[in-house]
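**Student:** Coordinates for the following, if possible.
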Amino acid sequence: MTDVPPAAPLVIRAHERGITTLTLDSPHNRNALSARLVAELHQALAEAAADDAVRAVVLTHTGTTFCAGADLSEATAGTATDGPLGLARLLRALVELPLPVVARVTGHVRAGGLGLLGACDIAVAGPEATFAFTEARLGLAPAVISMPLLPRLDARAAARYYLTGERFGPAEAARIGLVTLASEDVDAGLGPVLEGLRKGSPQGLAASKKLVTAEVLRAFDRDTQALAEQSARLFGSAEAREGMTAFLERRAPAWTR
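**Tutor:** Reported below is the predicted structural model:
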């Protein structure tokens, strides 16, 4: 009997001077939120929170995409095991983590990937980063990800980009509150942020984070069930199936004018 080698992890972990870096490494689907990636990220966050040597977590990526959002191959095949409710649990875990979470973005962020940014406490984007809420073009809506995003985004900008699906860059992302800082050198921009976090006490960081995430957590308490149900209905609709299939087949959906 031949042993099957374990699959390579989709979340790579590293630690240096109080900072644990979690790198999304699923290039075959542009770091999409597959069931396996979500489970690995949950586990990595829990282990970081249990480690007394960790002061903060950096969430970053390999390749040219930070996160493409939902894994549409799983969604169209019906193999997604936890769906919108699983995404809600992951986003809440990021918000509730007693450690600050900092996003380091040097590539594209789409749809559900923007939810990860909204759930992070600080986000620094480099010049090659691009952003788009593409859900409406697929017959979907940014339902679950609205919980960490809407309390932090400029309301007029949220309306525009939710509805149009337009792509925008790091300067606009900073202007509307999606990211904290747009930097020509993302690591130079991160430098003073990480040094500041290294000086924080565990108790001080956790208590301070609770203050700035209180409104976001109230949104989760109030809306998780309803928004997860709405998202599941949309994903299960014929219109969304056409939108997702068209995207995977690289063609225009039937409703395009």
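
**Student:** all strands of this structure, in order?
**Tutor:** For the chain, applying DSSP state E gives strands covering 11-16, 19-24, 56-61, 65-67, 101-105, 108-110, 122-125, 130-132, 181-182.

**Student:** Quick check: which of those strands is nearest to Glu249?
**Tutor:** Nearest to Glu249 among the strands of the chain is strand 108-110; the distance by CB to CB comes to 17.5 Å. (Each C-beta comes from the backbone N, C-alpha and C, glycine too.)

**Student:** on that earlier part again, between the strands of the chain, which one is nearest to Gly243?
**Tutor:** Closest approach to Gly243 among these (CB to CB): strand 108-110, 13.8 Å.

**Student:** Show me what the closest one is packed up against.
**Tutor:** Under the contact definition 3 or more CB pairs under 8 Å, 6 or more residues apart in numbering; DSSP states H and E, strand 108-110 sits against strand 65-67, strand 130-132.

**Student:** which one of those strands has the most crowded surroundings?
**Tutor:** Most buried of the helices and strands packed on strand 108-110, by mean neighbour count (mean count of other CB atoms under 10 Å): strand 65-67, with a mean of 26.

**Student:** Excluding residues flanking it in the chain, which one is nearest Ala53?
**Tutor:** Gly18 (6.6 Å; CB to CB, 6 or more residues apart in numbering).

**Student:** What about that neighbour, how many residues nearby?
**Tutor:** Other residues near Gly18 come to 15 when the count uses other CB atoms under 10 Å.

**Student:** For it, give me the pLDDT.
**Tutor:** At Gly18, the pLDDT value in this model is 97.

**Student:** in the protein, which helix has the most residues?
**Tutor:** What stands out as the longest helix in the chain, according to DSSP state H, is helix 202-235.

**Student:** Going by neighbour count, which residues in that one are buried?
**Tutor:** By neighbour count on 16 or more other CB atoms under 10 Å, the buried set for helix 202-235 is 205, 209, 213, 216-217, 219-220, 223-224, 227-228, 230-232, 234-235.

**Student:** That one packs against which elements?
**Tutor:** Counting by 3+ CB pairs under 8 Å, 6+ apart, helix 202-235 packs on helix 83-96, helix 146-149.

**Student:** Relative to Ala182, which of these is closest?
**Tutor:** The nearest among those, by CB to CB, is helix 146-149 at 17.5 Å.

**Student:** what about the closest residue to Asn29 other than its chain neighbours, neighbour count?
**Tutor:** Closest residue in space to Asn29, ignoring its immediate chain neighbours: Asp71 at 5.8 Å, by CB to CB, 6+ apart. For Asp71, the count of nearby residues is 23 (other CB under 10 Å).

**Student:** Tell me who's in contact with Asp71.
**Tutor:** By CB atoms under 8 Å, 6 or more residues apart in numbering, Asp71 lies in contact with 29, 32-35, 37, 80.

**Student:** again, 7 Å this time
**Tutor:** By CB atoms under 7 Å, 6 or more residues apart in numbering, the residues touching Asp71 are 29, 32-34.

**Student:** From Leu190, how far off is it?
**Tutor:** As defined by CB to CB, to the nearest Å, Asp71 lies at a distance of 28 Å from Leu190.

**Student:** Isn't Gly83 up against Ala232?
**Tutor:** Yes - counting by CB atoms under 7 Å, Gly83 does reach Ala232; the two are 5.8 Å apart.

**Student:** From Leu45, how far out is Pro202?
**Tutor:** Distance of Pro202 to Leu45, computed by CB to CB: 16 Å.
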